[in-house]
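S.K.: I'd like to go over a predicted model; first the sequence, then the structure.
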Amino acid sequence: MKRVLLMGNPNVGKSVVFSRLTGVNVVSSNYPGTTVGYTRGHMHIGSERVEIVDVPGAYTLDPTCKAEEVAVEMLLEGDLVMNIVDATNLERNLFLTLQLLEKDIPLLLALNIWDEARHRGIHIDVEKLEAILGVPIVPTVAVSGEGIKELVSRLPEARVARRPSATSDELWSEIGRITAEVQTITHRHHTWRDRFEEASIKPITGIPIALTMILLVFTFVRLVGEGLIAYLFEPLFHDVYAPLLMKIGSLLGSGGIVHDVVVGTLIDGRIDFELSFGVLSTGLFVPLGIVLPYVFAFYFALGFLEDLGYLPRLAVLTDNFMHRLGLHGYAIIPNVLGLGCNVPGILATRILESKRERFIAATIMAIGVPCAALQAMILGLVGERGVRYVAVVYGTLFLVWFLLGFILNRVLKGFSPEILTEIPPYRFPPFRILLRKLWYRLSNFLREAIPFVLLGVLLINVLFVFKIMNAIATLTAPVIRGIFGLPEEAISVLVIGFLRKDIAVGMLGPLNLSTKQLVVGTTVLSIYFPCAATFIILLKELGLRGMLRSAGIMILVAITVGGLLNLIL
Amino acid sequence: MSPTRYISLPHLRVGQSGTVKEITGGSGVVKKLTALGLRPGQIVTKRDSVFTRGPVVLKVNNTQMAIGYGMAQKVLVEVEEE
């Protein structure tokens, strides 16, 4: 089977072309470095099944970061390269193209973002460029699908150009000659977009804009999340699902071990979705009824900011600040992604240059950046006691995140490299693309969350039935009660927290904790250890030693912070 | 010909343009900057800078980019005297 590699500079739309060709959803955004691993998909050309690989973006085949290393490795395994080129940036993009043309692999070129090039008064003579490069070239607009059909139909024409290898200086002067011959640029007036672009980087206007954005996103997530719960999910669960579950319960005898595990303990003869703790009651209610609405709202807002192109601006603004943590501004992007789920957040640290940076970024994220599922539970549970307690939890986590980065930067050998990033123009995302990305992320969330939460609830029941939890509780009482000031039963919460944080926070509810205990409990739970999925990613990205170091730091920080909070509050 | 002087990127005024003459950093820095299109002979325009030695925002051709302060110091440009 043939393998087609989608290659090109970062942020030229490779992932959008990939989705168009294969129908496989991958996350695309408007900033360089969205794709850090590769995704495979398939398409049929005539009767032939062809594999398409979405390769991370690279400016050069002479790798300068981990994502580019992945790209160079992939090149050895492909049969054909579909080189995606940003038509608004022909000169810079041609560098990689010329390097690719030196390789012994057939190539076809897509001049993507063609609409924007036209709009900006950039004219490229496609026929002339074809003649110079010796490979087929098709103008495309991947977000709307323009030109994709032609791109596919011309795939068989892809050719090996076999250019003699040249030094980078020679390549650049060649590129200068080529662009002078094929490209003409006509003047264009400033637009509102240019002004907003400038305003969001200039600190005087940029910082207020950033703070407003954060406030807007937070308000949006809360309003939409709470609205969905109050008007959609609670009625669904209480009025539609509960009666059904009661029927199932009566079939199981309305009591006994099996009933209590599957349906949950009846409270005043009824199912209480937060307290019953049956696999089918609380086990489904937590991921669907509490967490999903917030995850939906968060990913909608994040997707919009990503596709607009706001995140690289945030990176420039926060660069100074992030240097105090041993990182540069671009590291803010993985951390923002971590607010959705730490797994893609930690994966995104691959855009950082050094191992040291990746260790710091991944560790402070796993400790101080609560994922959307955890945040939903914090908002729900702690929020009932008052907004200022939510602020205490968030404030503590932020402080820990900052101080830990600050200390790691001092303690670890090495230095933090400087930011160097392209800032893409603002692009208004088509609604259809936003929805696709949202759907992709939500289905991923459901696939990962539901099995783990159900398993978690089952495990809790088993541990209680066999009184294993009591034994662990007695064993860990000095730490739990002595340091954190929590009741012994809270250990079950920490045990389940290894599996998933949202269900663990949910378990704090039935413990009748004081507000102080609740604040300590949720904070410790956020810090002390990553959930199973994050744990696996940490192991993969940092290696066994890095992961162990990171985990050790987490436990140490959790004990210190939990103890301090218990003393101060 | 008008007299010329070389200055580093952070010393460029916002809105001012210059021709890149030399990148004094090691080969790693040169490689990264070159990959983004910043290389001798190119005309750069400073779009903005963040105070207290923050990144410098530039436009080269059609690419807008942000460069850390230290790296920006290594890029020398020629500016024509007004």
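M.R.: Okay, I see it.
S.K.: Just list the residues touching A:I201, thanks.
M.R.: Shown in contact with A:I201 (CB atoms under 8 Å, 6 or more residues apart in numbering or on different chains): A:R313, A:V316, A:L317, A:I423, B:R47, B:D48, B:V50, B:V57, B:A66. For glycine as for every other residue, the C-beta is placed from the backbone atoms N, C-alpha and C.
S.K.: can you check A:V135 too?
M.R.: Contact analysis of A:V135 by CB under 8 Å, 6+ apart lists A:L101, A:L107, A:L108, A:L109, A:A158, A:R159, A:A161.
S.K.: can you check A:E488 too?
M.R.: A:A473, A:T474, A:T476, A:A477, A:I480, A:R481.
S.K.: Could you rerun that using 10 Å?
M.R.: By CB atoms under 10 Å, 6 or more residues apart in numbering or on different chains, A:E488 lies in contact with A:M469, A:N470, A:I472, A:A473, A:T474, A:L475, A:T476, A:A477, A:I480, A:R481.
S.K.: Give me the contacts around the strand or helix carrying A:S173.
M.R.: Here A:S173, judged by DSSP states H and E, is contained in helix A:168-182. Residues outside helix A:168-182 that contact it (CB under 10 Å, 6+ apart): A:60, A:62, A:90-99, A:102, A:123-133, A:163-167, A:185, B:30-31, B:34-35, B:37, B:39-42, B:61.
S.K.: picking that back up, mind putting the contacts of A:V135 into TSV with neighbour count?
M.R.: What follows is the contacts of A:V135, written out as TSV (neighbours: other CB atoms under 10 Å in any protein chain shown):
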residue	neighbour count
A:L101	21
A:L107	22
A:L108	21
A:L109	29
A:A158	19
A:R159	13
A:A161	17
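S.K.: Tell me which of the residues you listed has the lowest pLDDT.
M.R.: Within the set of those, pLDDT is lowest for A:A161 (89).
S.K.: Do I have it right that that one meets A:L107?
M.R.: Yes - using CB atoms under 10 Å, A:A161 is in contact with A:L107, at 6.7 Å.
S.K.: Tell me which of the contacts of A:E488 fall in strands.
M.R.: Among the contacts of A:E488, no member is found in strands (DSSP state E).
S.K.: Which one (most neighbours) among those?
M.R.: Of the contacts of A:E488, A:I480 is surrounded by the most neighbours, 23 neighbours in total, counting by other CB atoms under 10 Å in any protein chain shown.
S.K.: Show the contacting residues for it.
M.R.: A:I480 is in contact with A:472-473, A:486-491, A:493-494, A:521, A:524, A:562, counting by CB under 10 Å, 6+ apart.
S.K.: Which pLDDT value belongs to it?
M.R.: For A:I480, pLDDT reads 88.
S.K.: ok, now the one 5 residues further on?
M.R.: A:G485 carries a pLDDT value of 92.
S.K.: Phi first, then psi, for it.
M.R.: phi 70, psi 30 (degrees, to the nearest 10).
S.K.: just to revisit the earlier point, separate out the buried members of the contacts of helix A:168-182.
M.R.: Taking 16 or more other CB atoms under 10 Å in any protein chain shown as the criterion, what is buried in those is A:60, A:90-99, A:124, A:126, A:129, A:133, A:163, B:30-31, B:34-35, B:37, B:39-40, B:42, B:61.
S.K.: Go through these and flag which are in helices.
M.R.: Under the assignment DSSP state H, the buried ones among the contacts of helix A:168-182 contribute A:90-99, A:126, A:129, A:133, B:30-31, B:34-35 to helices.
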